[in-house]
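Novice: build me a model from this:
(chains A, B and C)
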Amino acid sequence: MTSHTEYLWFETAKQEEFVRITDEVEAIVARSGVTDGMVLVSAMHITAAVYVNDWESGLIADIKDWLNHLAPKANYRHHQTGEDNGEAHLKNLIMHHQVILPITEGQLDLGPWQQVFYAEFDGQRRKRVVVKVMGISELG
Amino acid sequence: MTSHTEYLWFETAKQEEFVRITDEVEAIVARSGVTDGMVLVSAMHITAAVYVNDWESGLIADIKDWLNHLAPKANYRHHQTGEDNGEAHLKNLIMHHQVILPITEGQLDLGPWQQVFYAEFDGQRRKRVVVKVMGISELG
Amino acid sequence: MTSHTEYLWFETAKQEEFVRITDEVEAIVARSGVTDGMVLVSAMHITAAVYVNDWESGLIADIKDWLNHLAPKANYRHHQTGEDNGEAHLKNLIMHHQVILPITEGQLDLGPWQQVFYAEFDGQRRKRVVVKVMGISELG
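Specialist: Purely as a prediction, here's the structure:
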């Protein structure tokens, strides 16, 4: 079994920003040499998410509006610590912070419309995603 | 390490339909020969989910009502592309599109009430779930 | 490849209670001998969740309030079976019942604020979480 780990770094210009990372994850899978297995793509922060859905700007705007509705800015207890990002924590929980992508014949085994996104809810600072590939490599 | 991949196909009669797939996943695990490991069960579409919960028709109806409340039909920006399924994308995001089930002694290592479901939010067409088993097999 | 499985048991004093389990999971990883791989931490019940977020009591109270808002106590169809915990099932679905944590150099590869929690929504009885470690061990 082979295991291969890399990290993706982000520093978004806006506080909230969704970044497509399918190609970056595919490149890491290629470098791993794994031809059959799984890759974990997991935000290392608690105010960001990793999700799979459509690469369509209208839908991405819809998702942002919908999250603002389900997890609005408010006077959260968490803000008594000096933080002001309570809603970003709740958005992380709705969207989940990680996905596992199957790898088959050396490729991400995704459906035709599936794209991987990093969803930043409290950006403008350096944040990280861990990408860990595990599986069978050609070299055994 | 052994890896084994199969696909489940669905074409639901209704636009929204939840299908229990525990037995199908168990049969794939049995065919894989894996006695200890994990199985990824992941929708390959962005308007469907895979989840684990109760096999009880009242609760399943409750979940559908609740999702309609949290992600209602509406005039989403996404519909400007000609689509009309914005709410199905949002339901996919709430419910998550995948689960990983542990395999212990050759069986799905689930609690007494845990059943695996495919939740279709935009059906009446052929859609797919990837099932990938990874782990230790008796044959090494 | 090494695989190692343990179970964590809970019997919370209150019906709803969130329990930090990072240290327990780390101890299981250490016992597994796995130095590089993944650990699945998955509730075996359908009215409990496992999630990763902040170890801050204000935020934990915010999460509980927010879940009560999104999945309120109500007269669910599920209650016709004699149960009274419909909302606990819905909270399980929002929060997701499992996480996969990466293991790098023998440690949980988490960000600085990431802590693992067991979220009980229908407690005061014995319930279980399965923890399965898979990966490469020093002993091969």
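
Novice: which non-adjacent residue is nearest the residue in chain A that chain C sits nearest to?
Specialist: Nearest residue of chain A to chain C: residue A:44, at 3.2 Å (C-beta to the nearest C-beta). Glycine gets a C-beta too; all of them are placed from N, C-alpha and C. In space, residue A:44 comes closest to residue C:111 once its chain neighbours are excluded; the distance is 3.2 Å by C-beta to C-beta, 6 or more residues apart in numbering or on different chains.

Novice: what is the burial count for that neighbour?
Specialist: Residue C:111 is flanked by 18 other residues according to other C-beta atoms under 10 Å in any protein chain shown.

Novice: nearest residue to residue A:14 in space, ignoring adjacent ones along the chain?
Specialist: Closest to residue A:14 by C-beta to C-beta, 6+ apart is residue A:123, at 6.3 Å.

Novice: so the one you found, which state does it fall into?
Specialist: At residue A:123 the chain is in coil, as set by DSSP: H, G, I helix; E, B strand; the rest coil.

Novice: and residue A:99, by the same measure?
Specialist: strand.

Novice: hmm, residue A:113 is touching residue B:43, no?
Specialist: No. Counting by C-beta atoms under 8 Å, residue A:113 sits too far from residue B:43 to count as a contact (11.2 Å).

Novice: same drill for those two, tell me which one is more crowded.
Specialist: Legend: neighbour count by other C-beta under 10 Å for residue A:113 and residue B:43, higher for residue B:43 (28 against 15).

Novice: those residues of chain A touching chain B, which are they?
Specialist: Listed as neighbours of chain B in chain A under the rule C-beta under 8 Å from any C-beta of the partner chain: A:1, A:36-38, A:51-54, A:56, A:58-59, A:61-63, A:66, A:70, A:94-96, A:99-102, A:104, A:109-111, A:113-114, A:134-136.

Novice: any idea how far the residue of chain A closest to chain C lies from chain B?
Specialist: Plainly put, residue A:44 is 19 Å away from chain B if you go by C-beta to the nearest C-beta, to the nearest Å.

Novice: burial of that residue, as a residue count?
Specialist: For residue A:44, using other C-beta under 10 Å, the count is 21.

Novice: contacts only, for it.
Specialist: Shown in contact with residue A:44 (C-beta atoms under 8 Å, 6 or more residues apart in numbering or on different chains): A:7, A:127-130, C:109-111, C:114.

Novice: in strands, which of the residues of chain A next to chain B fall?
Specialist: A:36-38, A:51-53, A:99-102, A:104, A:134-136 (DSSP state E).

Novice: among the residues of chain A next to chain B, name the buried ones.
Specialist: The neighbour-count criterion (16 or more other C-beta atoms under 10 Å in any protein chain shown) marks A:1, A:36-38, A:51-54, A:56, A:58-59, A:62-63, A:66, A:70, A:94-96, A:99-102, A:104, A:109-111, A:114, A:134-136 among these as buried.

Novice: could I get the pLDDT score of the residue nearest the centre of chain A?
Specialist: Central residue of chain A (C-alpha atoms, centre = their mean): residue A:50, 2.1 Å from the mean position. The per-residue pLDDT reported for residue A:50 equals 98.

Novice: correct me if wrong: it contacts residue A:119.
Specialist: Yes. With contact defined as C-beta under 8 Å, residue A:50 counts as touching residue A:119 (7.2 Å).

Novice: find the nearest non-adjacent residue to residue A:73, please.
Specialist: residue A:87 (5.3 Å).

Novice: what helices or strands is the host helix or strand of the one you found leaning on?
Specialist: Here residue A:87 sits within helix A:86-95, counting by DSSP states H and E. In terms of contacts (3 or more C-beta pairs under 8 Å, 6 or more residues apart in numbering or on different chains; DSSP states H and E), helix A:86-95 is packed against strand A:48-53, helix A:57-70, helix B:86-95, strand C:48-53, helix C:57-70, helix C:86-95.

Novice: try it again at 6 Å.
Specialist: strand A:48-53, helix C:57-70 (3 or more C-beta pairs under 6 Å, 6 or more residues apart in numbering or on different chains; DSSP states H and E).

Novice: got the contact list for the longest one?
Specialist: By C-beta atoms under 6 Å, 6 or more residues apart in numbering or on different chains, the list of residues contacting helix C:57-70 from outside reads A:76-78, A:80, A:86, A:89-90, C:18, C:91.

Novice: thought residue A:129 was touching residue A:43?
Specialist: Yes. Here residue A:129 reaches residue A:43: they are 5.4 Å apart, a contact under C-beta atoms under 6 Å.

Novice: from the contacts of residue A:44, which two are the most distant?
Specialist: Within those, A:127 and C:109 form the most distant pair, 14.9 Å apart (C-beta to C-beta).

Novice: any idea how far stretch A:34-53 is from the chain center?
Specialist: Centroid separation between stretch A:34-53 and its chain, computed with C-alpha atoms, centre = their mean, to the nearest Å, is 5 Å.

Novice: ditto for stretch A:10-24
Specialist: The chain centre lies 9 Å from the centre of stretch A:10-24; the measure is C-alpha atoms, centre = their mean.

Novice: please identify the buried residues of it?
Specialist: Going by 16+ other C-beta under 10 Å, stretch A:10-24 has these buried residues: A:10, A:12, A:16-18, A:21-22, A:24.
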